[in-house]
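Colleague: Fold the following.
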Amino acid sequence: MARRPASLALRLTVSIGAVITVVLLTFGWMVQRSINSHFVQQDVDELNAVVQSLTQSLSEPSASQEPDVLKRRLAAAISGHRNAQFRVSDSHGNVIYATPNSDLDGFTRLVPFTGVITIDSVKIWRDKGETYRGAVVQLMNKGLQGAEPLTLAVATGINFHLHYLESFRSYLRVITTAACLIAILATWFAVYQGHAPIRRISREIRRIKSDQLFIRLAPGTVPVELTELAVSFNDMLDRIEDGFQRLSNFSADIAHELRTPITNLKTQTEVALSQSRDVEQYREILYSNLEEYERMAKMVGDMLFLAQADNNQLKPELVSVNLVTEVQELFDYFEAWAEERSVSLICKGPVICVQGDRLMMRRALSNLLSNAIRYTPPGRAVTVSLAANSNDTIAISVENPGHTINSEHLPRLFDRFYRADPSRQRKGDGAGLGLAIVKSIIDAHGGTITAKEVDGHMIFEVALPKATAK
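Modeller: A predicted model of the protein is given here:
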């Protein structure tokens with residue numbers, strides 16, 4: 001089973017929360033780095049100040065070269081730098097002076113010489129639980145005998161800085177964690193509030209029942225991002241309402257159309273069984289029942305055909321169909337009925353062939369012709385016109401005078417069980433599926449069919465492509 005995707009609120013909260021967390025951590029790191037750099041620069045400035053004081057002290061001419069005098073002078077040079085320690089030695093490694101309680105000998109051996117103390121040249125050194133930052137510089141001094149170069153190891157204690165940075169780091173972690181949690185909660189609340197229109201739309205959609213398909217969403221009352229969703233949902237409801245209405249009508253029409261032959265069969269059977277009859281009377285009743293069975297069989301066959309059309313299961317077997325030949329053969333088939341109704345049949349137009357399914361095309365033309373003959377007054381004519389249009393289509397027109405239809409009924413003539421005149425329910429009028437079948441066949445061939453009324457003449461116009469790809 002496929003895993004259910006995470007909710008939009010969770011996705012947005014996690015995404016925005018992650019971004020905020022990264023931003024806060026980056027900001028905290030930059031602040032911490034800035035403070036640390038500030039402390040390092042302070043230490044560098046202090047070390048340079050110590051070096052400058054010592055250099056000045058060593059450079060001053062001295063009348064006395066006694067060690068005690070030199071030590072006092074060097075000790076006085078850093079009197080204002082309480083955390084500073086230094087060690088001065090000659091080129092042979094002999095210590096000239098070193099601050100009390102300091103051991104910079106190892107530091108002097110490990111750290112390379114540097115000309116100028118900078119942030120990049122200072123080193124960290126730990127001794128006896130204390131941490132120092134320092135550097136080793138070489139001094140040229142003329143104040144002492146021989147003017148030998150001196151080695152100066154200078155360092156300053158940074159425990160206070162380290163303790164402050166550790167405390168600040170802990171405080172920053174707490175603040176960052178709290179800020180991230182608050183930001184995530186605020187983000188979730190904002191996302192939740194932002195989804196309020198979606199929840200409101202969901203409540204409105206939940207109210208829609210089969211008897212309330214008329215309800216529509218108001219696109220003007222939703223955020224811009226949801227406008228297209230509301231419009232699409234309304235369009236879907238329009239289609240559902242139309243399909244539901246057609247299905248309801250279809251079910252009612254099926255029940256109505258089947259009720260009549262079933263009632264006839266039941267009545268005739270009851271009459272036949274009410275008393276003894278001779279063979280000829282039973283034969284007449286059976287023939288009458290057979291007509292009703294044929295009527296129901298035709299109706300069921302038509303509905304199955306339309307069901308196939310609805311599911312795109314009509315697959316025409318395309319061959320070259322001579323429309324003039326098909327029309328003439330249908331004229332021969334309907335000739336007796338047309339003569340009985342005193343209706344003439346006329347075919348006009350050149351010989352035209354079209355790619356199509358011969359049986360389907362004959363069924364469509366047969367339904368149009370039977371419909372035209374049925375509603376043509378005696379003494380008039382049904383005209384079938386064929387023509388090749390300039391837009392690579394074949395035009396078939398079936399025209400009959402008489403029975404006119406109001407314009408509001410024309411678009412619905414191809415609906416199932418639809419009759420422009422509801423009073424026409426007599427036997428022989430059909431079940432109202434003929435024109436719907438015609439439209440399904442024409443659609444399956446990639447064509448179109450329209451109906452119009454001109455000067456008392458009903459005209460059905462069919463347009464088919466000259467060639468339909470297999």
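Colleague: With only the CA atoms kept, save stretch 274-285 in PDB.
Modeller: Presented in PDB, the C-alpha positions along stretch 274-285 are these (Å, rounded to 0.1, in the frame of the first residue of the first chain):
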ATOM      1  CA  SER A 274     -59.400 -15.600 -19.000                       C
ATOM      2  CA  GLN A 275     -61.200 -18.100 -21.200                       C
ATOM      3  CA  SER A 276     -60.500 -20.900 -23.600                       C
ATOM      4  CA  ARG A 277     -59.800 -19.800 -27.200                       C
ATOM      5  CA  ASP A 278     -59.100 -21.500 -30.500                       C
ATOM      6  CA  VAL A 279     -55.700 -21.800 -32.100                       C
ATOM      7  CA  GLU A 280     -56.200 -18.800 -34.400                       C
ATOM      8  CA  GLN A 281     -57.000 -16.500 -31.500                       C
ATOM      9  CA  TYR A 282     -53.900 -17.700 -29.600                       C
ATOM     10  CA  ARG A 283     -51.800 -17.200 -32.700                       C
ATOM     11  CA  GLU A 284     -53.000 -13.500 -33.000                       C
ATOM     12  CA  ILE A 285     -52.200 -12.900 -29.300                       C
END
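Colleague: Mark out where each domain of this structure begins and ends.
Modeller: Domain assignment for the chain by automatic domain parsing gives 8-167, 219-310, 319-465.
Colleague: quick one: average pLDDT of the shortest one?
Modeller: Domain 219-310 shows a mean pLDDT of 81.
Colleague: Over to the first one?
Modeller: For domain 8-167, mean pLDDT rounds to 78.
Colleague: what about that domain, start to end distance?
Modeller: End-to-end span of domain 8-167 (CA to CA, to the nearest Å): 39 Å.
Colleague: cool, and the last one?
Modeller: End-to-end span of domain 319-465 (CA to CA): 13 Å.
Colleague: So Leu185, which state does it fall into?
Modeller: Secondary structure state of Leu185, per DSSP: H, G, I helix; E, B strand; the rest coil, is helix.
Colleague: Any chance of the domains of the chain in TSV with distance to Ala183 and mean neighbour count as columns?
Modeller: From N, CA and C alone the C-beta is placed, and that goes for glycine too. Shown next, in TSV, are the domains of the chain (distance: least, CB to CB, whole Å; neighbours: other CB atoms under 10 Å):
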stretch	distance to Ala183	mean neighbour count
domain 8-167	4	15
domain 219-310	23	13
domain 319-465	58	17
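Colleague: and of these, who's closest to Thr176?
Modeller: Nearest to Thr176 among these is domain 8-167; the distance by CB to CB comes to 5.1 Å.
Colleague: on that earlier part again, wait, which of the domains of the chain is closest to Leu181?
Modeller: domain 8-167 (9.1 Å).
Colleague: if we can go back for a sec, save the domains of the chain as JSON lines, and put in distance to Tyr192 too.
Modeller: JSON lines is the format used below for the domains of the chain (distance: least, CB to CB, whole Å):
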{"stretch": "domain 8-167", "distance to Tyr192": "6"}
{"stretch": "domain 219-310", "distance to Tyr192": "15"}
{"stretch": "domain 319-465", "distance to Tyr192": "48"}
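Colleague: out of those domains, nearest to Ile201?
Modeller: Nearest to Ile201 among the domains of the chain is domain 219-310; the distance by CB to CB comes to 6.6 Å.
Colleague: Just confirm Thr450 contacts Glu461, I think it does.
Modeller: Yes - in this structure Thr450 lies within contact range of Glu461 using CB atoms under 8 Å: 5.2 Å.
Colleague: start to end distance for stretch 384-393?
Modeller: Terminal residues of stretch 384-393 lie 17 Å apart, using CA to CA.
Colleague: what mean pLDDT does that stretch have?
Modeller: On average, stretch 384-393 scores 86.
Colleague: can you give me how far that stretch is from the chain middle?
Modeller: Centroid displacement of stretch 384-393 relative to its chain, using CA atoms, centre = their mean, to the nearest Å, is 44 Å.
Colleague: In which helix or strand does Leu247 reside?
Modeller: Element membership for Leu247, per DSSP states H and E: helix 224-274.
Colleague: Show me what that helix is packed up against.
Modeller: With contacts defined as 3 or more CB pairs under 8 Å, 6 or more residues apart in numbering; DSSP states H and E, helix 224-274 has these neighbours: helix 196-206, helix 279-310.
Colleague: any chance of those helices in TSV, plus distance to Leu386?
Modeller: What follows is the helices and strands packed on helix 224-274, written out as TSV (distance: least, CB to CB, whole Å):
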stretch	distance to Leu386
helix 196-206	51
helix 279-310	25
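Colleague: I'd like to know which of those is closest to Tyr97.
Modeller: Distance to Tyr97, taken as CB to CB, is lowest for helix 196-206 among the helices and strands packed on helix 224-274, at 77.6 Å.
Colleague: what's the average pLDDT for that closest one?
Modeller: Average pLDDT, helix 196-206: 84.
Colleague: Pull the distance from it to the chain's centre.
Modeller: 19 Å.
Colleague: Check stretch 361-380 too.
Modeller: 51 Å.
Colleague: residues contacting the residue nearest the centre of the chain?
Modeller: With distances taken as CA atoms, centre = their mean, the residue of the chain nearest its centroid is Leu229 (10.8 Å). Applying CB atoms under 8 Å, 6 or more residues apart in numbering, we find Leu229 in contact with 201, 222.
Colleague: Repeat that for Ser7.
Modeller: Applying CB under 8 Å, 6+ apart, no residues contact Ser7.
Colleague: Does anything pack onto the lengthiest strand in the chain? Which helices or strands?
Modeller: In the chain, with assignment by DSSP state E, the single longest strand is strand 130-140. Packed against strand 130-140 by the contact rule (3+ CB pairs under 8 Å, 6+ apart) you find helix 8-59, helix 105-110, strand 113-114, strand 123-127, strand 149-157, helix 159-194.
Colleague: Of all these, which one is nearest Ala381?
Modeller: helix 8-59 (67.8 Å).
Colleague: Now do that closest one: distance to the chain's middle.
Modeller: Mean C-alpha position of helix 8-59 versus that of the full chain (CA atoms, centre = their mean) differs by 45 Å.
Colleague: next one: stretch 449-456
Modeller: For stretch 449-456, the distance to the chain centre is 45 Å (CA atoms, centre = their mean).
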